[in-house]
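Asker: Sequence isn't available, so here's the structure alone:
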Ligand code: AMP
Ligand code: GLY
């Protein structure tokens with residue numbers, strides 16, 4: 001099958017890497033891609049927010065299947081534009097992607113479906129925000145209603161900082177603080193049938209010990225040895241299936257990847273957020289462990305055939321990913337710096353490899369940083385300590401001036 005992936009981050013590199021290992025995939029394209037993706041797929045420039053341009057590219061390449069990676073094109077309706085050309089797409093319609101595109105919409109769906117989540121108020125004025133913050137008390141949780149690449153959320157004990165963030169957004173969701181460890185659970189769905197993947201944990205804060213600002217994610221690991229073995233079944237029953245059923249009932253079926261960001265609180269599992277696409281960096285560790293060929297699974301979802309899909313198979317052992325971020329990330333990342341040691345970081349036996357996020361290839365063949373999160377180094381092992389050791393050994397071989405990464409990914413498990 002001739003497959004086109006839209007996007008150019010580490011998630012798309014992980015997807016392309018897995019697709020390139022699937023015997024079903026005879027041609028692999030990615031647009032726009034990045035310097036690392038270019039090693040496993042043919043890359044093409046495209047404005048990924050322009051549905052018409054993406055659909056034209058898919059037709060021109062003879063793509064038989066399109067996978068849309070990031071949220072911004074999904075919310076912009078890129079999957080709809082490609083589907084209109086008769087090509088199957090993995091990724092929800094623009095309307096269904098509102099589950100991620102609007103936190104207020106997601107809250108409405110959850111309320112209708114009886115899905116457990118934090119109590120919340122949607123606020124558009126400073127007075128409303130002040131009243132809501134007062135009602136919940138500290139720590140305060142203030143979320144920009146729209147897409148903000150994981151950076152629209154402020155969790156703080158400082159009332160003024162909470163008010164300031166609310167004032168800087170047009171519309172915010174203010175909600176009760178959820179205590180407890182976070183879990184990311186992905187499910188592949190065709191709008192009716194839901195197939196959960198394995199849970200992972202992401203590290204959202206920029207610095208060690210969960211200090212610093214929220215980011216898109218600084219590292220991840222899977223499996224979660226501390227999690228209740230019944231967690232996935234419980235989330236399927238209380239969160240994933242009811243949400244998919246509710247969206248279908250509304251006439252906006254969700255097909256693609258439903259990402260549940262969960263807090264395991266003392267009062268039970270609560271949804272922190274939904275995303276309408278694979279999470280980054282959790283995808284890197286989840287796909288490292290998935291044995292079932294990826295293309296068949298995603299294509300079955302895109303064509304409404306998941307009910308007949310064989311049970312997923314998983315590799316034994318564990319996977320850890322460490323994100324290398326540019327100097328200044330997340331506030332003001334610096335770009336254009338050369339990266340060295342990439343080949344040295346790859347293990348000959350495939351147990352450690354580098355996935356590119358914000359990179360470009362210079363004319364002289366050098367790989368340059370070109371984004372906030374620059375690389376994600378992924379490793380597998382017989383257990384988490386071994387995967388972690390391999391991930392950090394590989395990270396140590398890479399040089400990027402001013403870069404930073406967390407040193408405590410999967411350390412406390
Ligand atoms: P979100 O973009 O909604 O996933 O939020 C980003 C991060 O902010 C989450 O991963 C949590 O670490 C934190 N967060 C969001 N909502 C809450 C909440 N209600 N209580 C505690 N932390 C939260
Ligand atoms: N890692 C969090 C996200 O993808 O939104």
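Answerer: Perfect, thanks for sending it. Keep in mind that what you see is a predicted model, and the values were worked out from it rather than measured. Numbering: from 1, shown residues only. Ligands and ions are numbered 1, 2, ... in the order given.

Asker: Surely residue 192 is in contact with residue 244?
Answerer: Yes: counting by C-beta atoms under 8 Å, residue 244 is a contact partner of residue 192 at 7.2 Å. Every C-beta, even on glycine, is put in place using the N, C-alpha and C of the backbone.

Asker: Between these two, which is the more surrounded one?
Answerer: Shown here are residue 192 and residue 244; by other C-beta atoms under 10 Å, residue 244 has more neighbours (23 against 15).

Asker: what's the helix or strand for the residue nearest the centre of the chain?
Answerer: Nearest to the mean C-alpha position of the chain, counting by C-alpha atoms, centre = their mean, stands residue 279 at 1.3 Å. For residue 279, there is no host helix or strand (DSSP states H and E).

Asker: any idea whether residue 134 is helix, strand or coil?
Answerer: Under DSSP: H, G, I helix; E, B strand; the rest coil, residue 134 falls in the helix class.

Asker: What separation do you get for it and residue 159?
Answerer: Note on residue 134: its distance to residue 159, by C-beta to C-beta, to the nearest Å, is 9 Å.

Asker: So which of the two has more stuff around it?
Answerer: More crowded of residue 134 and residue 159, by other C-beta under 10 Å: residue 159, with 14 against 11.

Asker: The more buried one reaches residue 133, doesn't it?
Answerer: Yes: using C-beta under 8 Å, residue 159 is in contact with residue 133, at 6.4 Å.

Asker: Check the contact lists of these two and give me the overlap.
Answerer: residue 140 (C-beta atoms under 8 Å, 6 or more residues apart in numbering).

Asker: Overlap in contacts, residue 192 and residue 244.
Answerer: residue 253.

Asker: Stretch 319-334: how far from the chain's middle?
Answerer: Its chain's C-alpha centre and that of stretch 319-334 lie 15 Å apart, by C-alpha atoms, centre = their mean, to the nearest Å.

Asker: if we can go back for a sec, so the residue nearest to the centre of the chain versus residue 85, what's the distance?
Answerer: For residue 279, the distance to residue 85 - C-beta to C-beta - is 28 Å.

Asker: ditto for residue 318
Answerer: On the measure of C-beta to C-beta, residue 318 and residue 85 end up 41 Å apart.

Asker: Let me see the contact set for residue 381.
Answerer: 317-320, 351, 387-390 are the contacts of residue 381 under C-beta under 8 Å, 6+ apart.

Asker: State the pLDDT value of it.
Answerer: On pLDDT, residue 381 comes in at 98.

Asker: Who's the closest spatial neighbour of it, skipping the chain neighbours?
Answerer: Distances taken as C-beta to C-beta, 6 or more residues apart in numbering place residue 387 nearest to residue 381, at 3.6 Å, with adjacent residues excluded.

Asker: near ligand 1, which residues of the stretch 51-200 of the chain?
Answerer: 118, 141, 143, 150, 153, 155, 175, 177-178, 182 (C-beta under 6 Å from any ligand atom).

Asker: Out of the residues you listed, grab the one that's most surrounded.
Answerer: Ranked by neighbour count under the definition other C-beta under 10 Å, these are headed by residue 143 with 26 neighbours.
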